[in-house]
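K.L.:
Prediction below, plus the sequence it came from.
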Amino acid sequence: MGRVLLIALTGGIASGKSLAAARLKELGAVHIDADALAREVVEPGTDGLAQIAEEFGPNVLQPDGSLDRAALGTIVFGDAERREKLNRITHPRVRELTKRRIADAAAADASAIVVYDVPLLVEGSGHRGLGFDSIVVVQADTQARIRRMVENRGMSEQEAIHRINSQATDAERLAVADVVLDNNGDVDSLIEQVDHLWALLRAKEAQDAQEHLSD
């Protein structure tokens, strides 16, 4: 099995990360959605959900047996100790599922470029040890992000500010970035940057493959 090129893609809320991810997927990247995996590991019948119910009580379950995210959120919001208990249940499971998806991608195509789409890369510890080849941050100014949330998501300005403040700062994300995509312009500008990034990634993948053959 070959080793794929593994890229972490992150960015704050309303930064344009989802648009960048969609474009990379269009271009041929294997897209792994960290949020989707986080939901998958707590689906009904999983040991992840069973452990959450055991730790936080039956009130975190819906009548159909699925996770009541609002009820769980009420319990862990503002309580660092309980949130850490939740993370100890979910993070290892998400990490292992991610590794399996990456291995599946490598088995299907050793030259694949895998984009791990993770909003809370900086905030969480569950993604450590995955061995990213590059971390890509989609960046937009705070005022631009507030405007997008108000205009496109129906939030009030205060709600938008609260959501931004609940995440890592721009400085914290930029500190881990290998590549920064600037999304303060229009959609075409971001797409152009993503296309350029893709060309660089393909060139790196080809170089790595050639070096592997030479070994």
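P.N.:
Yes, it's here.
K.L.:
Can you check the distance spanned by stretch 150-161, start to finish?
P.N.:
One end of stretch 150-161 to the other measures 10 Å (C-alpha to C-alpha, to the nearest Å).
K.L.:
Return the list of helices and strands in contact with the lowest-mean-pLDDT helix or strand in the chain.
P.N.:
Here the helix or strand of the chain ranked lowest by mean pLDDT, DSSP states H and E is helix 187-214, holding a mean of 88. Helix 187-214 sits against strand 5-11, helix 17-27, strand 113-117, strand 134-139, strand 179-182, with contacts defined as 3 or more C-beta pairs under 8 Å, 6 or more residues apart in numbering; DSSP states H and E. Heads up, the C-betas are built off the backbone N, CA and C, glycines and all.
K.L.:
Reformat those as TSV; add mean pLDDT and mean neighbour count.
P.N.:
Listed next are the helices and strands packed on helix 187-214 as TSV, based on pLDDT from 0 to 100; neighbours: other C-beta atoms under 10 Å:
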stretch	mean pLDDT	mean neighbour count
strand 5-11	96	24
helix 17-27	98	18
strand 113-117	97	23
strand 134-139	97	22
strand 179-182	98	17
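K.L.:
do you know which of those lies nearest residue 202?
P.N.:
The closest of those to residue 202 is strand 113-117. By C-beta to C-beta, the value is 7.3 Å.
K.L.:
which neighbours does the closest one have in its sheet, and in what orientation?
P.N.:
strand 5-11 (parallel), strand 30-33 (parallel) (DSSP bridges).
K.L.:
so which of the helices and strands packed on helix 187-214 gets nearest residue 38?
P.N.:
Residue 38 lies closest, by C-beta to C-beta, to one member of the helices and strands packed on helix 187-214: strand 113-117, at 11.7 Å.
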